[in-house]
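# Sequence and predicted structure are below.
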Amino acid sequence: MEKTVQFIHSGWAYIVLLVLIIATFNALIKFFSGKEYSPVDFRFSLFALITMHIQLLIGIILWFTKGYFDEMSVGEVMKNDAVRKLAVEHPVTMLIAVALVTIGYSKHKKKLVSKPKFKLIAIFYTIALALVLYMIPWNQWF
């Protein structure tokens, strides 16, 4: 079961990354060019939100199936750099990234004018994208 969940989590990450990049760059480009907010822009930001939440759920399942703390104590996990990154740093950072996307999406819906909508999405999604890119375990992903 663990291998299957790991495979799904790794495969879905490509979709999350692609959609988050598209939504972020769409917001940045349209913010700086002064374009009007359209239903396509809404869909980009919504799809980024949905894919990230699905990835979060898959990640939570994976975290519990891995059982990092079943075999090792918290102290042992924290002393081992590789295990600490996968068991603690990666999940916490990704949870923060999901929270940022959720906050940005929620705040942008309350704005009535295009420029502030794009500004909120651009700020929150860019920070989330930076966190995601920083915390992807690249050595295990390829």
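Ah, there it is.

# Give me the mean pLDDT for stretch 44-63.
Mean per-residue pLDDT for stretch 44-63: 95.

# For it, give me every contacting residue.
Contacts made with stretch 44-63 from outside it, assessed by Cβ atoms under 8 Å, 6 or more residues apart in numbering, are listed as 2, 5-6, 8-9, 12-13, 15-16, 19-20, 22-24, 26-27, 87, 91, 94-95, 97-98, 101-102, 104-105, 108, 121, 125, 128. For glycine as for every other residue, the C-beta is placed from the backbone atoms N, C-alpha and C.

# Going along the chain, name the helices of this protein.
For the chain, the helices defined by DSSP state H cover 2-33, 39-66, 68-71, 74-79, 81-84, 90-109, 114-135, 138-141.

# now those helices as JSON lines including mean neighbour count?
Supplementary listing: the helices of the chain in JSON lines, determined by neighbours: other Cβ atoms under 10 Å:
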{"stretch": "helix 2-33", "mean neighbour count": "16"}
{"stretch": "helix 39-66", "mean neighbour count": "17"}
{"stretch": "helix 68-71", "mean neighbour count": "12"}
{"stretch": "helix 74-79", "mean neighbour count": "12"}
{"stretch": "helix 81-84", "mean neighbour count": "12"}
{"stretch": "helix 90-109", "mean neighbour count": "18"}
{"stretch": "helix 114-135", "mean neighbour count": "20"}
{"stretch": "helix 138-141", "mean neighbour count": "9"}
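
# Which secondary structure element of this protein has the lowest mean pLDDT?
Using mean pLDDT, DSSP states H and E, the weakest-scoring helix or strand in the chain turns out to be helix 68-71, at a mean of 72.

# Pull the distance from that helix to the chain's centre.
Helix 68-71 sits 25 Å away from the centroid of its parent chain (Cα atoms, centre = their mean, to the nearest Å).

# and if you look at stretch 53-72?
In terms of Cα atoms, centre = their mean, the centre of stretch 53-72 is found 16 Å from the chain centre.
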